[in-house]
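> Predicted model and sequence follow; I will ask about them next.
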Amino acid sequence: MLAHHITLRQLRVLLAVAEQEGFGRAGDSIGLSQPAVSQAIRSLEAELGVKLLDRTTREVVLTAAGQSLVAPLRRLLGELDGVLDEARGLGAAARGIVHVASAPTISGGLMPQVLAAALQRYPELQVRLADRSQQLAIEAVRDGSVDFAVIVGIEAPEPDLEQQVLFDEGFVVICPTSHALADRAQLALGDLAGWPLVLLDHSTGSRPLIDRAFARAGLVPQVALDVGHPATAFRMVQAGLGLSVLPALSLPLPDTQALRAVPLEAGFSRQVVLARRRQRSLSPAAQRLWALIAELSLPRPTP
């Protein structure tokens, strides 16, 4: 029978010492002083009546008894942490906490309206918004660190994700107001041939769509810079480093005196979607926010 006075803290200390191979490093990893680590190990050995560690001036190694204990202990504590994480998630859901990820252009263009509406309609909801790149937002949905995400639609089949289309969104060309293309009512991709471009990088959901659109048109874009956020693209265009192709949700412009947004030809667009894990139920709070976003997401004409 396991001794009654063995604590979870002692077991976590033993695992930390085994993984860090030292008392000082173990203490740093779990927020304890070295004397507290030593005391926890001595108490655990006393309760078990067996030596778990061999200590020298140069190293700390597990005894045979320590090795036989640490292997199953690592698995059991991992399972316990998983159970506790799930319980915390249930507690958060009960308190009305909703974790949402969204791609940067969506965070700035759609989510302020959503959060303001949620605050007015559901004041009990606490929304935690993670502004992440497309790929990181998808990973957050998959690993359960967010309830759902608002992202660019994924064209390839994703068996573990369920998507609900919100709206189709057009693209615009950002150029200086003095540029030769600035006074055009609409532009085609062919109009950008030969001009240096500042494009969103491949961590975004828009860049693959832009690349494919150029390829379909038989064009090779002259990419001067790859950037991760529309705000950076605006600054680069202002500095005269190139034109940019951005989704319409990137608007409004930060400086309408210096920059102009010209709509790109109809037919070049992206889908904005809600994404969640397939066959996983949302909490009532998350479901309310999901429905609110769908309600607010009316079709948006290209500017």
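Perfect, thanks for sending it. Numbering: from 1, shown residues only.
> which outside residues touch stretch 178-191?
Under the contact criterion Cβ atoms under 8 Å, 6 or more residues apart in numbering, stretch 178-191 has outside partners 173, 175-176, 195, 213-214, 217, 219, 243, 260, 262-265, 268. For the C-beta atoms, the positions are set from N, CA and C on the backbone; glycine is no exception.
> residues touching R276, list them.
With Cβ under 8 Å, 6+ apart, R276 has these contacts: V141, D147, F148, A149, L161, E162, L282, W290.
> Quick check: it is in a helix.
No: per DSSP: H, G, I helix; E, B strand; the rest coil, R276 lies outside any helix segment and is strand.
> What subset of the contacts of stretch 178-191 is buried?
By neighbour count, with 16 or more other Cβ atoms under 10 Å, the contacts of stretch 178-191 hold 173, 175-176, 195, 213-214, 217, 243, 260, 262-265, 268 as buried.
> Which of those residues fall within helices?
Counting by DSSP state H, the buried ones among the contacts of stretch 178-191 place A213, F214 in helices.
> tell me the two of the buried ones among the contacts of stretch 178-191 that are most distant?
P176 and A217 (23.7 Å; Cβ to Cβ).
> Doesn't A137 belong to a strand?
No: assignment of A137 by three-state DSSP gives helix, placing it outside any strand.
> and the closest residue to it other than its chain neighbours, which of the three is it?
Among residues not flanking A137 along the chain, A101 sits closest, at 3.9 Å (Cβ to Cβ, 6 or more residues apart in numbering). When classified by three-state DSSP, A101 comes out as strand.
> Next, count neighbours for A101.
Neighbourhood size, A101 [other Cβ atoms under 10 Å]: 27.
> and R75, what are its phi and psi?
phi -70, psi -50 (degrees, to the nearest 10).
> for the buried ones among the contacts of stretch 178-191, which one is nearest I97?
Out of those, the member with the shortest distance to I97 (by Cβ to Cβ) is F268, at 38.2 Å.
> I'd guessed that closest one sits against E169; true?
No: using Cβ atoms under 8 Å, F268 is not in contact with E169, being 10.4 Å away.
> now the buried ones among the contacts of stretch 178-191 as JSON lines including pLDDT?
Shown next, in JSON lines, are the buried ones among the contacts of stretch 178-191 (pLDDT from 0 to 100):
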{"residue": "V173", "pLDDT": "97"}
{"residue": "C175", "pLDDT": "97"}
{"residue": "P176", "pLDDT": "97"}
{"residue": "W195", "pLDDT": "96"}
{"residue": "A213", "pLDDT": "92"}
{"residue": "F214", "pLDDT": "93"}
{"residue": "A217", "pLDDT": "90"}
{"residue": "L243", "pLDDT": "97"}
{"residue": "R260", "pLDDT": "96"}
{"residue": "V262", "pLDDT": "96"}
{"residue": "P263", "pLDDT": "95"}
{"residue": "L264", "pLDDT": "94"}
{"residue": "E265", "pLDDT": "87"}
{"residue": "F268", "pLDDT": "86"}
